[in-house]
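Asks: predicted model and sequence below, questions to follow.
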Amino acid sequence: MSELEVRQLRYFVAVAEELHFGRAAERLGMAQPPLSRAIRELERHLGVRLFERTTRQVALTPAGEVFLHDARTALDAVTAAARRARHAGQPTPRLRLALKADFDAGLLPRILAAFQYEDAALPVELLLGGRGEQVPALRDGRADIALLPAPFDDRDLDAEPLVTEPRLLALAADDPLAARSSLCLADLVGRTLPDGTPADRDGQPSTTPRTRTGREQPPSAPRGGVTGAQPTPLDLSKIFNLIELGSIIMFLPVSVASRHRRFGIAYRAVSDLPPSTLALAWPQDSHSPAVAAFVRVATAVAKAAQTDIQAGAEAPQRAIM
């Protein structure tokens, strides 16, 4: 049996995602008849039906469901390979570091300063993104290495934990909880984090009772009646505005909280809130001397910094609060 072509995979994924040949053809910039012929040829090539077609709808078969997962993986790998090849062929190579702004435990300046003296050092390009964007950047070839909070999906990745530090609760300064001398996660029932997940479970899936429609019952209205659930990701400045209004709360590592002291926000310790661990991650198949050197330098810098973090874990909290 001859090998599958990337073109065939792209055609199939488009139809599988649209479940409509007309829309898929429009998305691909082609006419519908040749797309239909290409899908029939792919099914003959594989010897299985990928779609159930009627005059009213198009649906994936069980074989189609399996093939869709693997086709997406294959296309992602092709895209990543092309990006990495273009990057490797540049006249001036760079080390592309993905991270979320400010979430570096204060280590990045020291790491970059030490890294430049390594024999394998390259100019570092910072790829700043939102929470959760670092791992996709590694997988699709946009980044060579990432600095990110654990845990994360580490499939096909190597990782090295760097430092662990306490997290603090950020809430409105006039919130009644800010007057409490001690807090635990159970005190945060009904409060939500910026992504809408329940704060009392540290952002884990909710166990809120469900209604007859199967939907979770909404949490009680936040202080001031301002809703905190947001349909799109927010940058840190917008999140702080919502915290000041009392619509949401947030957990921040001490190193981040110390950089963002605001008159309308109070930081409080939560006794049973797990700490935050910052880690490095990179593709398992990476053979880059620059990546290896960056990991080595970052680990050494973090080891020295961890002693300072442990010794002064309480002092920054008192200063912020």
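Replies: Yep, it's here. Being a predicted model, the structure only gives us computed values, none of them experimental.
Asks: any idea how far Tyr267 is from Phe251?
Replies: 10 Å (CB to CB, to the nearest Å). C-betas here are computed from N, CA, C, even on glycine.
Asks: give me the common contacts of the two.
Replies: By CB atoms under 8 Å, 6 or more residues apart in numbering, Phe251 and Tyr267 have these common neighbours: 168-170.
Asks: pick the one among those residues closest to Arg261.
Replies: Closest approach to Arg261 among those (CB to CB): Ala170, at 10.5 Å.
Asks: what sits opposite that closest one in the beta ladder?
Replies: Met250, Tyr267 (DSSP bridges).
Asks: pretty sure it sits against Ile243.
Replies: Yes - at 5.5 Å, Ala170 counts as touching Ile243 under the criterion of CB atoms under 8 Å.
Asks: secondary structure element for Phe67?
Replies: Element membership for Phe67, per DSSP states H and E: helix 62-88.
Asks: name the helices or strands packed onto that helix?
Replies: helix 6-18 (3 or more CB pairs under 8 Å, 6 or more residues apart in numbering; DSSP states H and E).
Asks: got the angle for the helix it packs on vs helix 62-88?
Replies: 120 degrees (axes from the mean of the first three to the mean of the last three CA atoms, to 10 degrees).
Asks: any buried residues in helix 6-18, and which?
Replies: Of the residues in helix 6-18, 8-16, 18 count as buried by neighbour count, 16 or more other CB atoms under 10 Å.
Asks: save those residues as TSV, and put in pLDDT and distance to Val301 too.
Replies: Compiled in TSV, these are given as follows (pLDDT from 0 to 100; distance: CB to CB, whole Å):
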residue	pLDDT	distance to Val301
Gln8	90	48
Leu9	92	43
Arg10	91	43
Tyr11	93	48
Phe12	92	47
Val13	92	42
Ala14	93	46
Val15	93	50
Ala16	93	46
Glu18	92	48
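Asks: Asp285: which of the residues you listed is nearest?
Replies: Leu9 (21.2 Å).
Asks: I figured the closest one hits Ala71, correct?
Replies: Yes - between Leu9 and Ala71 a contact is recorded at 4.6 Å, counting by CB under 8 Å.
Asks: which residue ranges make up each domain of the chain?
Replies: Residue ranges for the domains of the chain, per automatic domain parsing: 6-86, 95-156+277-312, 167-205+222-268.
Asks: between the two ends of the last one, what distance do you get?
Replies: According to CA to CA, to the nearest Å, domain 167-205+222-268 extends 9 Å from its N-terminal end residue to its C-terminal end residue.
Asks: now it: how far from the chain's centre is it?
Replies: 20 Å (CA atoms, centre = their mean, to the nearest Å).
Asks: and for the second one?
Replies: Taking CA atoms, centre = their mean, one finds domain 95-156+277-312 lying 15 Å from the centre of the chain it belongs to.
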